[in-house]
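**Q** need a structure here:
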Amino acid sequence: MPRKNPNKSYYHYAIKEFDKEGEVININFYMTQYDIMEKLGLSHQTICNHLRNEGHRFRKYKNIKIEKVSVPVYKRIINDVFSHNYSESDCESL
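**A** Numbers count the residues shown, from 1 in each chain. This is a model prediction of the structure:
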């Protein structure tokens, strides 16, 4: 039985789609290689070979490149109430 990925807070892979001039036209993020396998219909070995070899191109998808990334899934908002150095007198007026 395959192990499950416990890290659900970061995307680990990005698929970049290029046009004929080599400009990026679309980027999709995925958490696991199995998500990519379902989306593109490629084998796990093919995806691993593509990630290991820089010049590897897919026969079926010539304008796609898969990269390893570390992009947060959720935007982190920091509550900076305590960084304003409020005094007790400021709080009493509220």
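**Q** tell me which element Phe29 falls in.
**A** Using DSSP states H and E, Phe29 falls within strand 24-30.
**Q** Show the subsequent helix or strand relative to that strand.
**A** Following strand 24-30 toward the C-terminus (DSSP H and E): helix 33-40.
**Q** now whichever helix or strand comes after that next one: mean pLDDT?
**A** Next helix or strand after helix 33-40 toward the C-terminus (DSSP H and E): helix 44-52. For helix 44-52, the mean pLDDT works out to 92.
**Q** And what about the residue nearest to the spatial centre of the chain, helix, strand or coil?
**A** Nearest residue to the geometric centre of the chain (C-alpha atoms, centre = their mean): Tyr11, 3.1 Å. Here Tyr11 is recorded as strand under DSSP: H, G, I helix; E, B strand; the rest coil.
**Q** so it makes contact with Tyr74?
**A** No. Between Tyr11 and Tyr74 there is no contact under C-beta atoms under 8 Å: 10.8 Å. The C-beta positions use only the backbone N, C-alpha and C, and glycine is treated the same way.
**Q** Mutual contacts of these two, please.
**A** Common contact partners of Tyr11 and Tyr74 (C-beta atoms under 8 Å, 6 or more residues apart in numbering): none.
**Q** Kindly state the pLDDT recorded for the residue nearest to Asn28 when sequence neighbours are not counted?
**A** Leaving aside its sequence neighbours, Asn28 sits nearest to Ile15 (C-beta to C-beta, 6 or more residues apart in numbering; 4.8 Å). For Ile15, the model assigns a pLDDT of 92.
**Q** can you pull the contacts of Ile15?
**A** Residues counted as contacts of Ile15 (C-beta under 8 Å, 6+ apart) are 27-30, 36, 39-40, 64-66.
**Q** Buried members of the residues you listed into ChimeraX, please.
**A** A single ChimeraX command selects the buried members of the contacts of Ile15 (16 or more other C-beta atoms under 10 Å):
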select :30,36,40,64,65,66
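**Q** what is the rounded mean pLDDT of stretch 22-29?
**A** The average of the pLDDT scores along stretch 22-29 is 91.
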